[in-house]
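J.: Structure for this input, please:
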Amino acid sequence: MTPIEIRIPAIGDFENVPVIEVHVSPGQELKRDDPIVTLESDKATMEVPAPEAGTVEAVHVKVGDRVSEGSLILTLAPVRADAEPALPTAALTEAPAPASAPQPSPAAVPKSDLHADVLVLGAGPGGYTAAFRAADLGKKVVLVERFPVLGGVCLNVGCIPSKALLHAAKVIDDAQGMSAHGLVFSRPKIDIDKLRSWKDGVVGKLVGGLAALAKKRKVVVLQGLGKFVSPHEFKVADGGGSEILVSFDTAIIAAGSEAVALPGMPVGDTRIIDSTDALEITDVPKRLLIIGAGIIGLEMATVYHALGSAVTVVEMMDQIIQEADRDIVAPLLKRIEKRYENIYLKTKVVKVEASSAGLVVHFEGGRAPATDTFDKILVAVGRKPNGHSIGADAAGVSVDEHGFIPVNGQMRTNVAHIFAVGDIVGQPMLAHKASHEAKVAAEVATGLKSAFDARVIPSVAYTDPEVAWAGLTEREARAKGVKIGKGVFPWAASGRSLSLGRDDGVTKVLFDAETHRIVGCGVVGINAGELIAEAALAIEMGADAIDIAHTIHPHPTLSETFGMAAEAFEGTITDLYAPKKQTA
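T.: As a prediction, the model looks like this:
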């Protein structure tokens, strides 16, 4: 039987691609689709599968060799003359989807440089979760990411680096706070370069782990910006003139969001920054203005105040962190009003003028002065979805006027084989929401029955003190006409919070007035973000006040405040003298 020469199939515009793994050896029996070699360019890692079954006669490449389309890699002796028909060499990653999965007719899959059972756009928490789950379910996945590393905004320029810097800020503040209790430390010497390096190292460990997980799952990663060109095609451009056309059976859009820019700002002035710039901590400005008193703005205020900046926060609404109840953010506001230079509520920035002396800001409303001058301005007024940046119309995918992509409970768009998850499908724009949506999308795309039906999505502001909430707020309950009762436990009565020198917290739990089932919770205090998960679980499980109150919490802990708030609602609390509970 005549040996078959196996060559590198069409791999787009790649040439002289290094071989990083050889999976076969002479004499080895291969099944069709078994991996032969793994290639890795600066933009993608891809496996070359066996186009048919047989016995390896000779391997013509080794690790470190460079190959291009048509390079000989293997000589194969077929098993028999009537062996399984060979796969087209151009179908580098093509495999038929199970009958239960959404799939196009054969004619709907166009010729391309690369084919995916599942194409995932964006490698943030939503994207990489979708890609990994689909791969675990047996699909050949192509993951497209604009940055050279996985993790998206969250891991690289959002959730993770900010939490590293917030930890550093907490160490500084805690040391200073103990001076009132007999432990006096000198002002820390801050090495900005070393601090930045540590922060980058934290990020590097996580994104490196993601790359390893993608490799283990044989996910093909393409770096570049891309757009849909048809309902079954996506074109990726690497920025250097090369393009790869990827065809797909199903797609999952996880393209995220970007920071909103304010109009009227001086163009090109590096003293005006967004959260990504702020996380680079290139310097510590003497006077810093933060526009926006939401989670991002106040977290960055926490960091820069600890590092030595005189911080001013301006917010056009009448409350910081609008999503939470006013009584839950009140302890945070009280603390930062004493620490920051100024906090202006119900105030707008109407104009900014650049000068050599600084950035001259014109205010309107509230108690702010008409003008003031700052060394830097951080704009943190929110984020907008990237729905208009991916060529969705070419695929027939609906995008609303704000850039959001409407989806159903299965995360399916109006185009049956295209799904969307994360920031791009709507509020809240949170990584943990995206990852749960992503698993649903990947499961439905591979034929499983799945739906996103979370009762609550908790939110956390990692300020000092932290603010966290889940489920209904009092404001939302009133707006919806839901009759609620509440149990409130002040941390001034918590032995644990007193021993930590921080009794400024409050735990508030909301219950349905008739059933006494928990419907919402708000916590403010140190480590509030760690406490809110118990409330979220209680809401998901349909727990009532007695369930929570009768759950024995360890003593002394901050978690006790959750159980005691339930006791306060039930009227059984002994750690406080509480009047008869009232229904709101």
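J.: From G122, how far out is the residue nearest in space to the middle of the chain?
T.: With the centre of the chain defined as its mean C-alpha position, the nearest residue by C-alpha atoms, centre = their mean is A431, 3.1 Å away. If you measure A431 against G122 using C-beta to C-beta, to the nearest Å, the figure is 12 Å. In short, each C-beta sits where N, CA and C put it, glycine included.
J.: which residues sit in contact with W491?
T.: If a contact means C-beta atoms under 8 Å, 6 or more residues apart in numbering, then W491 has S497, R502, D503, D504, G505, V506, T507, G525, L558, T561 as its contacts.
J.: Would you mind checking the average pLDDT for stretch 65-83?
T.: In this model, stretch 65-83 has an average pLDDT of 78.
J.: what's the neighbour count on K449?
T.: By the measure other C-beta atoms under 10 Å, the count of residues near K449 is 8.
J.: now P18
T.: When counting by other C-beta under 10 Å, one arrives at 14 neighbours for P18.
J.: how much space between A566 and A528?
T.: According to C-beta to C-beta, A566 stands 17 Å off from A528.
J.: out of the contacts of W491, which are inside helices?
T.: Among the contacts of W491, the members falling in helices are S497, T561 (criterion: DSSP state H).
J.: Pick out the most distant pair among the contacts of W491.
T.: Longest distance between any two of the contacts of W491 is 13.6 Å, between R502 and T507; criterion C-beta to C-beta.
J.: of those two, who's got more company?
T.: Legend: neighbour count by other C-beta under 10 Å for R502 and T507, higher for T507 (31 against 21).
J.: residues contacting the closest residue to that one other than its chain neighbours?
T.: For T507, the nearest residue in space outside its immediate sequence neighbours is T561; the separation is 3.9 Å by C-beta to C-beta, 6 or more residues apart in numbering. Taking C-beta under 8 Å, 6+ apart as the criterion, T561 is in contact with F489, W491, S494, S497, G505, T507, V523, G525, L531.
J.: Also K163?
T.: Counting by C-beta under 8 Å, 6+ apart, K163 makes contact with Y462.
J.: Need the phi and psi values for it.
T.: Dihedral pair for K163: phi -70, psi -30, per degrees, to the nearest 10.
J.: Would you indicate which residues of the longest helix belonging to the chain are buried?
T.: Ranked by residue count, the top helix of the chain under DSSP H comes out as helix 192-216. Buried positions in helix 192-216, judged by neighbour count with 16 or more other C-beta atoms under 10 Å: R196, K199, V203, L206, V207, L210, A211, A214, K215.
J.: Could you export those to JSON lines, including columns for pLDDT and distance to G485?
T.: Below are the buried residues of helix 192-216 laid out as JSON lines (pLDDT from 0 to 100; distance: C-beta to C-beta, whole Å):
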{"residue": "R196", "pLDDT": "97", "distance to G485": "49"}
{"residue": "K199", "pLDDT": "97", "distance to G485": "44"}
{"residue": "V203", "pLDDT": "96", "distance to G485": "44"}
{"residue": "L206", "pLDDT": "95", "distance to G485": "42"}
{"residue": "V207", "pLDDT": "93", "distance to G485": "46"}
{"residue": "L210", "pLDDT": "96", "distance to G485": "45"}
{"residue": "A211", "pLDDT": "94", "distance to G485": "50"}
{"residue": "A214", "pLDDT": "95", "distance to G485": "49"}
{"residue": "K215", "pLDDT": "94", "distance to G485": "53"}
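J.: and the helix or strand of the chain with the lowest mean pLDDT, which strands flank it?
T.: Every helix and strand of the chain was ranked by mean pLDDT, DSSP states H and E. The lowest is strand 45-49, at a mean of 76. As defined by DSSP bridges, the strand partners of strand 45-49 come to strand 35-40 (antiparallel).
J.: what angle do the strand it pairs with and helix 192-216 make?
T.: 160 degrees (axes from the mean of the first three to the mean of the last three C-alpha atoms, to 10 degrees).
J.: quick check: mean pLDDT across strand 35-40?
T.: Averaging the model's pLDDT scores along strand 35-40 yields 83.
J.: Mind listing residues that contact that strand?
T.: With C-beta under 8 Å, 6+ apart as the test, strand 35-40 has contacts from 6, 8, 11, 14, 17-24, 30, 45-50, 61, 67, 73-74, 218.
J.: And the helices in the chain, which stretches?
T.: Under DSSP H, the chain gives helices at 125-136, 152-157, 159-177, 192-216, 275-278, 295-307, 326-339, 392-395, 431-445, 474-480, 495-499, 528-541, 545-549, 560-570.
J.: winner for burial among those?
T.: With neighbours defined by mean count of other C-beta atoms under 10 Å, none of these is more surrounded on average than helix 125-136, at a mean of 27.
J.: roughly how far is stretch 196-214 from the heart of the chain?
T.: The gap between where stretch 196-214 is centred and where its chain is centred comes out at 15 Å by C-alpha atoms, centre = their mean, to the nearest Å.
J.: Can you report how many residues lie near the nearest residue to L378 once chain neighbours are set aside?
T.: Setting aside the residues directly before and after it, L378 is nearest to I290 in space (C-beta to C-beta, 6+ apart), at 4.7 Å. The number of residues packed around I290, counting by other C-beta under 10 Å, is 29.
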